[in-house]
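Colleague: missing the sequence, but the structure's below:
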């Protein structure tokens with residue numbers, strides 16, 4: 001019985017380690033092109049943003065309370081950095097579960113694409129596990145390189161209580177061609193349900 005308990009504990013630790021390391025793109029990886037459908041049924045590809053200096057992918061879901069808390073902050077960041085060559089893209093990995101439809105996404109009327117990750121291929125490819133979770137891609141001219149993934153800031157509940165603006169700082173560093181100081185901060189949010 002003692003050995004069974006030790007074996008079970010070892011299995012749990014191993015699973016926990018693999019879950020934390022995650023799958024998908026790692027920092028410094030070249031990100032491959034992808035295409036998804038968005039509101040109004042248009043197809044948007046990563047390569048469509050070849051003129052952007054930086055692309056910020058935000059995996060989000062309108063049903064997630066954390067995503068709702070971050071929505072205005074993200075829209076403000078997208079507006080602030082648009083003139084500096086930063087392209088925001090929202091990707092919803094929960095559209096196919098029936099909770100949301102593309103028609104509901106069109107009601108948001110964002111100034112940037114809001115795409116449906118039907119089948120969750122792209123969220124799996126990136127290793128996204130929560131909503132909202134951000135991935136910052138630096139455009140090197142011939143490819144996009146993953147520079148950051150994780151949290152937007154350190155206080156999802158109270159915007160005025162934020163002490164560390166991870167996403168904003170990373171965008172500034174990438175635009176200035178500086179080394180990214182925030183490395184893989186764990187996102188706080190709703191788990192992406194796999195289906």
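Modeller: Received, thanks. Nothing here was measured: the structure is a model prediction, and the numbers come from that model. Numbering: from 1, shown residues only.
Colleague: Read off the pLDDT value for the residue nearest the centre of the chain.
Modeller: In the chain, the residue lying closest to the centroid (CA atoms, centre = their mean) is residue 134, at 2.8 Å. Here, the pLDDT recorded for residue 134 equals 97.
Colleague: Would you agree it is in contact with residue 187?
Modeller: Yes. Counting by CB atoms under 8 Å, residue 187 is a contact partner of residue 134 at 7.5 Å. Heads up, the C-betas are built off the backbone N, CA and C, glycines and all.
Colleague: any common contacting residues for these two?
Modeller: Residues touching both residue 134 and residue 187 (CB atoms under 8 Å, 6 or more residues apart in numbering) are 150, 151, 152.
Colleague: May I have the residues that are in contact with the last one?
Modeller: Put plainly, it is residue 152. By CB under 8 Å, 6+ apart, the residues touching residue 152 are 70, 73, 74, 132, 134, 166, 167, 187.
Colleague: Tell me the one of the residues you listed nearest residue 35?
Modeller: The closest of those to residue 35 turns out to be residue 134 (CB to CB; 20.2 Å).
Colleague: what comes into contact with the helix or strand hosting that closest one?
Modeller: When elements are assigned from DSSP states H and E, residue 134 belongs to strand 133-139. The contact list for strand 133-139 (CB under 8 Å, 6+ apart) reads 25, 31, 46, 49-50, 52-59, 126, 128, 144-152, 167, 170-171, 174, 180, 187, 189.
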